[in-house]
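Visitor: with the sequence up front, the predicted model follows.
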Amino acid sequence: MNLKDIRNRLPAKLYGALEKDIKELRPAQEKAVKAGLLDGKSLLVCTPTASGKTLIGELAGIKNILEGKGKAIYIVPLKALASEKFKDFKKRYDGILKVALSIGDIDSKDPYLAEYDLIVTTSEKLDSLLRHRTPWLTMVKTLIIDEIHLLNDVSRGPTLEIIITLLRQILKNVQIIGLSATIGNPEELAEWLQAKLVQDNWRPVKLKKGIYFNGEVEFYE
């Protein structure tokens, strides 16, 4: 599937920003579109690293923003990753929408974020915003959760689970896009999220296994 095949289903500004770098959708992206990504359906995407998961989240979030349906929150587990995503989104969508990075003081409502469209944050920071009953959270339409498999992490899992649970109660029509390369129980998680499961094994570089010994690598057939 080429990007131009879904041109009529995307806001003109979103298509214009994407066509500079993207001509053809990757297998997981095509599957996500066919599963209802552009129709507001919640999805759990389980595909290998570098298979194009981030763009799946972008398509949902930016489309909803530009169509006036509400803000998008992009959750990542680490501050460094949040800063990286913020720079990427800022570069791609500069002049189209307002992107904010919120990873600082966890004892603040950050009211200034009400003026922004796409907010990149960590689960700990978002948990703080929920506890402070931040008013603009009711304006969120899309929740994109990167590395969602961390729900099983002893330290971060409980916080992430609470965030998802609370936001689903507050935002009755929120579109949730969960992204991960490694989920042990994808069907069960998709059911809990009330989301469609999108799985694919395609990766940009073929993964090969082998044994290194005496300066040589013998690959398995």
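Guide: Perfect, I can see it now.
Visitor: which residue ranges form the strands in the protein?
Guide: Using DSSP state E, the strands of the chain run over 43-46, 71-76, 99-102, 118-122, 140-146, 175-180, 196-199, 210-213, 216-219.
Visitor: save those as a markdown table, and put in mean pLDDT too.
Guide: Formatted as a markdown table, the strands of the chain follow (pLDDT from 0 to 100):
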| stretch | mean pLDDT |
| --- | --- |
| strand 43-46 | 96 |
| strand 71-76 | 97 |
| strand 99-102 | 95 |
| strand 118-122 | 96 |
| strand 140-146 | 97 |
| strand 175-180 | 96 |
| strand 196-199 | 96 |
| strand 210-213 | 86 |
| strand 216-219 | 85 |
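Visitor: for the residue nearest to residue 11 when sequence neighbours are not counted, give its distance to residue 14.
Guide: If the residues on either side of it in the chain are set aside, residue 11 comes closest to residue 66, at 3.9 Å by Cβ to Cβ, 6 or more residues apart in numbering. From N, CA and C alone the C-beta is placed, and that goes for glycine too. Residue 66 is 6 Å from residue 14, where distance means Cβ to Cβ, to the nearest Å.
Visitor: any common contacting residues for the two?
Guide: Applying Cβ atoms under 8 Å, 6 or more residues apart in numbering, one finds that residue 66 and residue 14 are jointly contacted by residue 96.
Visitor: which of those two has more neighbours?
Guide: Ranked by neighbour count (other Cβ atoms under 10 Å), residue 66 and residue 14 place residue 14 first, with 23 against 18.
Visitor: okay but that one is in contact with residue 64, surely?
Guide: No: with contact defined as Cβ atoms under 8 Å, residue 14 does not reach residue 64; the gap is 10.3 Å.
Visitor: in this structure, where is pLDDT below threshold?
Guide: Along the chain, segments meeting pLDDT under 70 span 105-107, 204, 221.
Visitor: check contacts around residue 145.
Guide: Counting by Cβ under 8 Å, 6+ apart, residue 145 has contacts 75, 160, 164, 176, 177, 178, 179.
Visitor: can you give me the helices for this structure?
Guide: Ranges of helices in the chain, per DSSP state H, are 12-18, 27-34, 53-66, 79-93, 123-131, 157-170, 186-193.
Visitor: out of these, which is the most enclosed?
Guide: The highest average neighbour count among the helices of the chain, using mean count of other Cβ atoms under 10 Å, belongs to helix 53-66 at a mean of 23.
Visitor: between it and strand 175-180, how many degrees?
Guide: Counting by axes from the mean of the first three to the mean of the last three Cα atoms, to 10 degrees, helix 53-66 points 170 degrees away from the direction of strand 175-180.
Visitor: ok so, going back, can you redo the contacts of residue 145 as a markdown table with distance to residue 153?
Guide: Shown next, in a markdown table, are the contacts of residue 145 (distance: Cβ to Cβ, whole Å):
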| residue | distance to residue 153 |
| --- | --- |
| 75 | 14 |
| 160 | 8 |
| 164 | 14 |
| 176 | 19 |
| 177 | 19 |
| 178 | 14 |
| 179 | 15 |
